[in-house]
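**Q** no sequence on this one, just coordinates:
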């Protein structure tokens, strides 16, 4: 996967704010965007697309997925440090090493989380489906470019030993406890958009 593809994805996430001002994204539109993202981010680039076409497809799909994840009442995505340990969404990606790759992994995580919730028909901030999608892209980057991100390697090791799903449940519990500690109250809000933005 060319580095330009990765940088395009990170740029798409970083510049998503202006794109978020447009019309709402529908369920069908985000599912189409997820299909485009999956076929261009993790799979080998086919001869039918140039790298520039793939870059544009991933960037556009990433923006659509991000907008839907932030705005739709159909899904809730946990972006706290327990769920996305490879990037601090409060500080941004630009200060981290391999920031473009980390941005692409964040888009993959959002893609997996949104897809799982739409297919199940219920909100569920459990990071497991997002991690599985993210690890698929990470494995591809690791094979093609030798990428190594310690936080993601730890999740990959848990996937290999069969403990990833239970670790995801524990991460969700820690995130919920952190929110309750920060904001009090026994009941969760009706629509929790992004947990990282909610934490102090």
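**A** Received, thanks. Quantities reported herein were computed from a predicted structural model and do not represent experimental measurements. Numbering: from 1, shown residues only.
**Q** From here on, just use CA atoms for contacts and neighbour counts.
**A** Noted.
**Q** Poorly predicted segments of this structure, please.
**A** By pLDDT under 70, the low-scoring segments of the chain are 1-21, 42-54, 185-200.
**Q** at 50 instead, please
**A** Within the chain, the stretches with pLDDT under 50 are 1-12, 14-20, 44-48, 188-193, 195-200.
**Q** Now that residue 99 has come up, it's in contact with residue 93, right?
**A** Yes. The pair residue 99 / residue 93 is scored as a contact, 5.3 Å apart, by Cα atoms under 8 Å.
**Q** Between the two, tell me which one has more neighbours.
**A** residue 93 (22 against 19; other Cα atoms under 10 Å).
**Q** And the strands in the protein, which stretches?
**A** Counting by DSSP state E, the chain has no strands to list.
**Q** can you give me the helices for this protein?
**A** Secondary structure of the chain (DSSP state H): helices at 3-14, 16-19, 27-41, 51-71, 99-120, 128-145, 150-161, 164-183, 195-198.
**Q** Can you tell me which of those is most buried?
**A** Counting by mean count of other Cα atoms under 10 Å, helix 99-120 has the highest mean neighbour count of the helices of the chain, with a mean of 24.
**Q** one step back: wait, which of the helices of the chain is closest to residue 88?
**A** When the helices of the chain are compared by Cα to Cα, helix 195-198 sits nearest residue 88, at 8.6 Å.
**Q** and stretch 163-174, how far from the chain's centre?
**A** In terms of Cα atoms, centre = their mean, to the nearest Å, the centre of stretch 163-174 is found 16 Å from the chain centre.
**Q** Run through who's touching that stretch.
**A** 78, 82-83, 125-128, 155, 158-159 (Cα atoms under 8 Å, 6 or more residues apart in numbering).
**Q** Let's see that with 10 Å instead.
**A** For stretch 163-174, contacts defined as Cα atoms under 10 Å, 6 or more residues apart in numbering pick out 78, 80-84, 124-132, 154-159, 175-180.
**Q** Could you measure from residue 126 over to residue 147?
**A** Distance, residue 126 to residue 147, by Cα to Cα, to the nearest Å: 26 Å.
**Q** So those two - more neighbours on which side?
**A** Counting neighbours by other Cα under 10 Å for residue 126 and for residue 147 shows that residue 126 has the greater number, 23 against 15.
**Q** My guess is the more buried one contacts residue 76. True?
**A** Yes. Under the criterion of Cα atoms under 10 Å, residue 126 lies in contact with residue 76, with a separation of 9.1 Å.
**Q** which residues are common contacts for these two?
**A** Shared contacts of residue 126 and residue 76, counting by Cα under 10 Å, 6+ apart, come down to 113, 117.
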